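Dropping the sequence and predicted coords here.
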Amino acid sequence: MGAEAPPKALLSFGGKSLLARHLTILDACGVHQVAITIGYRAPDLRNEVARHERGGSVVLIENPSFRDGSIVSLWHGRDVLRSGMSILLMDADVLYDRRVAMRLLDSSYENVFLLDRAIEPGEEPVKLCIDNGRIVDFHKRPQIDHQWHGESVGFFRFSPSIAAELADRVEGYVNAGQTHLEYEEPIRDMVLAHGGRDFGFEDISDLPWIEIDFPEDVQRAETAVLPNLIA
């Protein structure tokens, strides 16, 4: 996107930034306590949050080491993960509508991933791998045999105990100096440690969404996803 590009969360679709869309959808879904980790061009993100009127609270968590891997952003939010509440963990660079969020919230699983079977080929998408209805791997380059896989949306719901375990695992990586890693690594560790038993998934292949990684994603978001959104 270029060194001087805005944070992806501030990309605008239909006259509304991804960040504003996130906050609006969470409001509509009854999620009123939000924590956002900010780093790159943090003042711009602060200003966008201030422009969005909402009933609940938004806590902004500064990550001065935002050029490291995303595991560091999660580490800065470790107190939230240890708050004793169920946690929604959501990437900020996704265009979607409230049906995606509601499928996460309405799932019968306490710990749940979202996946899309219409996965793009290649190593870029993070893959959620399924065997006999159970999650067996979670990685861009899966290492465990499985029947099928889908693309992870980058949205998760974790129980208080699993969220706290994730905080511990993230802290272990950072304390070991492995700050170049992405946040998916400690999540994968949990899945493998639990044998996939305490985690479920919901298929959102029928719903419109897109993760914004490349300029061509912006065009696809505007032409193929935005027209199909339900606010």
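Looks like it arrived, so ask away. Numbers count the residues shown, from 1 in each chain.

Cross-check the contact I'm expecting between residue 40 and residue 64.
No. Look at residue 40 against residue 64 with CB atoms under 8 Å: they stay out of range, at 10.3 Å. Quick note: C-beta positions are derived from backbone N, CA and C, even for glycine.

give the contact list for residue 189.
residue 169 (CB atoms under 8 Å, 6 or more residues apart in numbering).

Now do the contacts for residue 56.
Residues in contact with residue 56 (CB under 8 Å, 6+ apart) are 27, 31, 32, 33, 34.

farthest-separated two in those residues?
Farthest-apart pair in those is 27 and 33; separation 11.2 Å (CB to CB).

what about these two, which has more around it?
Neighbour comparison, residue 27 and residue 33: the larger count goes to residue 27, with 17 against 13 (by other CB atoms under 10 Å).

list the contacts for the residue nearest to residue 146 when sequence neighbours are not counted?
Using CB to CB, 6 or more residues apart in numbering and skipping residues adjacent in sequence, the residue nearest residue 146 is residue 129, 3.9 Å away. By CB under 8 Å, 6+ apart, residue 129 lies in contact with 135, 136, 137, 138, 139, 142, 144, 146, 148, 149.

hmm, 10 Å instead?
Neighbour list for residue 129: 115, 135-139, 142-150, 191, 196 [criterion: CB atoms under 10 Å, 6 or more residues apart in numbering].

Return the set of buried residues in the helix or strand hosting it.
Using DSSP states H and E, residue 129 maps to strand 127-131. Buried residues in strand 127-131, counted by 16 or more other CB atoms under 10 Å: 127, 128, 129, 130.

tell me which of those is nearest to residue 22?
Using CB to CB, those come closest to residue 22 at residue 128, 21.4 Å.

So in terms of bridging, what pairs with the nearest residue to the closest one once chain neighbours are set aside?
Nearest residue to residue 128, sequence neighbours excluded (CB to CB, 6+ apart): residue 115, at 4.5 Å. Residue 115 forms beta bridges with residue 152, residue 203, as assigned by DSSP bridges.

which ones are touching residue 115?
Counting by CB under 10 Å, 6+ apart, residue 115 has contacts 126-130, 135, 138, 148-153, 201-205.

Same question for residue 59.
33, 34, 35, 36, 37, 49, 77, 79, 80.

if you set the cut-off to 6 Å instead, what comes out?
residue 35 (CB atoms under 6 Å, 6 or more residues apart in numbering).

could you measure it against residue 178, distance?
26 Å (CB to CB, to the nearest Å).

Ok, residue 140 next?
The gap separating residue 140 from residue 178 is 17 Å, by CB to CB.

Give me the next element, helix or strand, following the longest helix along the chain.
Using DSSP state H, we find that the single longest helix of the chain is helix 160-175. Using DSSP H and E, the helix or strand that directly follows helix 160-175 along the chain is helix 184-193.

relative to strand 127-131, how tilted is that next one?
Calculated by axes from the mean of the first three to the mean of the last three CA atoms, to 10 degrees, helix 184-193 forms an angle of 10 degrees with strand 127-131.
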